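A.B. asks: Need a 3D model of the sequence below.
(3 chains)
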Amino acid sequence: MNAILTHLPFVIAVTVAIAGLAVVLWRRNLIHVLMGMSLVESAVNLFLVALGYRHDAVAPIYTGLRDGGEGVRMVLPTVQALTLTAIVIGLATTAMMLSLVIVIHRHYGTTDVRDVRRLRE
Amino acid sequence: MKHLFKFLVLAVLAAALWRCALAIPFGNPLAGTPLPPAMDEHYIAAARAETGASNVVTSIVFDYRGFDTLGEASVLFTAVLGVGLVLRKLNAKEKREARDAEE
Amino acid sequence: MRKSRIVGHIAAVFYPFCLVFGLYVVLHGHLTPGGGFQGGAVMATGAALMMVAGMFDEGEREIKYHHYKAIEAFGLLLFIGLAFAGILSGHGAFFRNIWANAGGWFGAPGESGSFNSGGLLPLMNLAVGVEVFGGISVILVTMIRAMKAAERGEDREDGDDEAEGAE
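C.D. replies: Here you go, the predicted model:
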């Protein structure tokens, strides 16, 4: 129990990722599948940011720190930069998937994967 | 049967991921490994002198790892092109119908 | 879909504030949390607000589409050009921050945390912010237009759907 509390951000990230995977596996609606994929993506972002956290540290920004920020402990900035990249790429892929769902809905009249699976005519 | 299989896969994955999550030290990155976070320490210590920006994350995104950001911007641009391409037919139809409705 | 005049006008009031706040986040990207991507997304939120409120109608949307497309391409080209500045200036490499701590424009040393610091970083932030704003807005305009077409197609006979499928 204590281990879960001390590792809470990682545990939450893993749980959210598993929830997203469950949505992808069990849901039939393409919009719901897409939401599940976004959940997994958010979980990965959360995991990355939590990976760079340090106790008793501030955000890696020197503006407004006392004494010009001399000797201040800061959290790791590289993972934050990578997360920024991941978020934008996730946005792009989500937009792409949504437009594909719009086309599928237009073509088949439904977003249910069981009806989309077979080729019409 | 199919549901059982899905559930098994998910359970195994969940157990493995939980195990990993509890094994990584939180709040003390790379502790217990031979690699101290030297790269991040260098960024934090030298970013202001080398790039002039007070925000270390911005220094990394646009200076140290600028090539990464260039690829990211290209991905965004390509996604916009892809959305336009996928929805091109619907867009053309909407344009045509809007014009017809005006006349 | 009927447009509400109240919602539309309130959205029009908030639109410039969204743009100004997004621009603030973009321009202070080298000093405070934020930067090109976040600020561009905030600006695009303003555009999304206007679209959801129905303030861009058919003809105007076409004009806006081309504006956003041009804005996006301009942002990406500016970013690539700034990346090449290091090579073109003769002393440096790709993505070299040639103006950092060099005096002049954005050349003040970063210790003070003044706006006039960071070298090429504020300009790159601006380029990326403009690109993200244009890109997200283009995506939104395209999707809203496609959804309107799909909405209108509901009550039509299925005649040209078959032809579409055959292509």
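A.B. asks: For chain B, which residues score under the pLDDT cut-off?
C.D. replies: Residue ranges of chain B with pLDDT under 70: B:30-34, B:36.
A.B. asks: Show residues contacting stretch B:42-54.
C.D. replies: A:60-63, A:74, A:77-78, B:56, B:59-60, B:63-64, C:30-31, C:97, C:99-101, C:106-111, C:113, C:117-119, C:121 (CB atoms under 8 Å, 6 or more residues apart in numbering or on different chains). (Glycine included, C-beta is placed from N, CA and C.)
A.B. asks: Repeat that for stretch A:31-47.
C.D. replies: The contact list for stretch A:31-47, computed with CB under 8 Å, 6+ apart, reads A:9-10, A:12-14, A:16-17, A:19-24, A:27, A:83, A:86-87, A:90, A:94, A:97-98, A:101, A:111, A:113.
A.B. asks: one more time with 6 Å
C.D. replies: A:13, A:16-17, A:20, A:23-24, A:27, A:83, A:86, A:90, A:97, A:111 (CB atoms under 6 Å, 6 or more residues apart in numbering or on different chains).
A.B. asks: Spell out the secondary structure type for residue C:29.
C.D. replies: coil (DSSP: H, G, I helix; E, B strand; the rest coil).
A.B. asks: Phi, psi for it please.
C.D. replies: Per-residue torsions, residue C:29: phi -60, psi -30 (degrees, to the nearest 10).
A.B. asks: what's the burial count for the residue in chain A that chain C sits nearest to?
C.D. replies: Nearest residue of chain A to chain C (CB to the nearest CB) works out as residue A:63 at 4.2 Å. Burial of residue A:63 is recorded as 17 neighbouring residues (other CB atoms under 10 Å in any protein chain shown).
A.B. asks: picking that back up, could you write me a PyMOL select line covering just the buried ones among the contacts of stretch B:42-54?
C.D. replies: Buried members of those, defined by 16 or more other CB atoms under 10 Å in any protein chain shown, are picked up in PyMOL with:
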select buried, (chain A and resi 60+61+62+63+74+77+78) or (chain B and resi 56+59+60+63+64) or (chain C and resi 30+31+97+99+100+101+106+107+108+110+113+117+118+119+121)
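A.B. asks: The residue of chain A closest to chain C in helix, strand or coil?
C.D. replies: Strictly by three-state DSSP, residue A:63 counts as coil.
A.B. asks: Now for the contacts of stretch A:31-47: which two are most distant?
C.D. replies: A:83 and A:111 (30.2 Å; CB to CB).
A.B. asks: could you dump the contacts of stretch A:31-47 to TSV with secondary structure?
C.D. replies: TSV is the format used below for those (three-state DSSP):
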residue	secondary structure
A:13	helix
A:16	helix
A:17	helix
A:20	helix
A:23	helix
A:24	helix
A:27	coil
A:83	helix
A:86	helix
A:90	helix
A:97	helix
A:111	coil
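A.B. asks: Flag the least confident of those residues.
C.D. replies: Ranked by pLDDT, those bottom out at residue A:111, which has 83.
A.B. asks: List the buried residues for the lengthiest helix in chain C?
C.D. replies: When chain C is parsed with DSSP state H, its longest helix is helix C:121-153. For helix C:121-153, a neighbour-count test (16+ other CB under 10 Å) marks C:121-150, C:153 as buried.
A.B. asks: Show me what it is packed up against.
C.D. replies: Applying 3 or more CB pairs under 6 Å, 6 or more residues apart in numbering or on different chains; DSSP states H and E, one finds that helix C:121-153 contacts helix A:77-108, helix B:66-86, helix B:88-102, helix C:5-27, helix C:36-52, helix C:58-88.
A.B. asks: Out of those, indicate the one that is most buried.
C.D. replies: helix C:36-52 (a mean of 22; mean count of other CB atoms under 10 Å in any protein chain shown).
A.B. asks: Please work out which residues outside that one touch it.
C.D. replies: With CB under 6 Å, 6+ apart as the criterion, helix C:36-52 contacts A:88, C:11, C:15, C:18-19, C:21-22, C:25-26, C:29, C:56, C:125, C:128-129, C:132-133, C:136-137, C:140, C:144.
A.B. asks: So which residue is dead centre in the chain?
C.D. replies: You didn't say which chain, so I picked chain A. For chain A, the residue sitting closest to the mean C-alpha position, by CA atoms, centre = their mean, is residue A:42 at 1.4 Å.
A.B. asks: Wait, chain C was what I had in mind.
C.D. replies: Mean-position check on chain C, CA atoms, centre = their mean. Result residue C:133 at 1.0 Å.
A.B. asks: any low-confidence regions in chain C?
C.D. replies: C:1-2, C:56-62, C:104, C:109-113, C:153-167.
A.B. asks: how does it look with 90?
C.D. replies: In the predicted model of chain C, residues C:1-12, C:28-36, C:47-68, C:82-122, C:140-167 satisfy pLDDT under 90.
A.B. asks: Chain B contacts on that one?
C.D. replies: Residues of chain C found near chain B (CB under 6 Å from any CB of the partner chain) are C:29-31, C:35, C:58, C:76, C:79, C:95, C:97, C:100-101, C:110, C:113, C:117-119, C:121, C:124, C:131, C:135, C:138-139, C:142, C:145-146, C:148-149.
A.B. asks: Quick check: the gap between the residue nearest to the centre of chain C and residue B:78.
C.D. replies: 17 Å (CB to CB, to the nearest Å).
A.B. asks: near chain B, which residues of chain A show up?
C.D. replies: So far as CB under 6 Å from any CB goes, chain A lies against chain B at A:3, A:7, A:10-11, A:14, A:18, A:22, A:25, A:53, A:55, A:60-63, A:74, A:76-78, A:80-81, A:85, A:88-89, A:92, A:95-96, A:99, A:103.
A.B. asks: Report how many residues lie close to residue 24.
C.D. replies: Chain wasn't specified; assuming chain A. Neighbours of residue A:24 (other CB under 10 Å): 16.
A.B. asks: Not quite, go with chain B.
C.D. replies: 16.
A.B. asks: Give me the nearest residue to it, chain neighbours excluded.
C.D. replies: residue A:10 (5.9 Å; CB to CB, 6 or more residues apart in numbering or on different chains).
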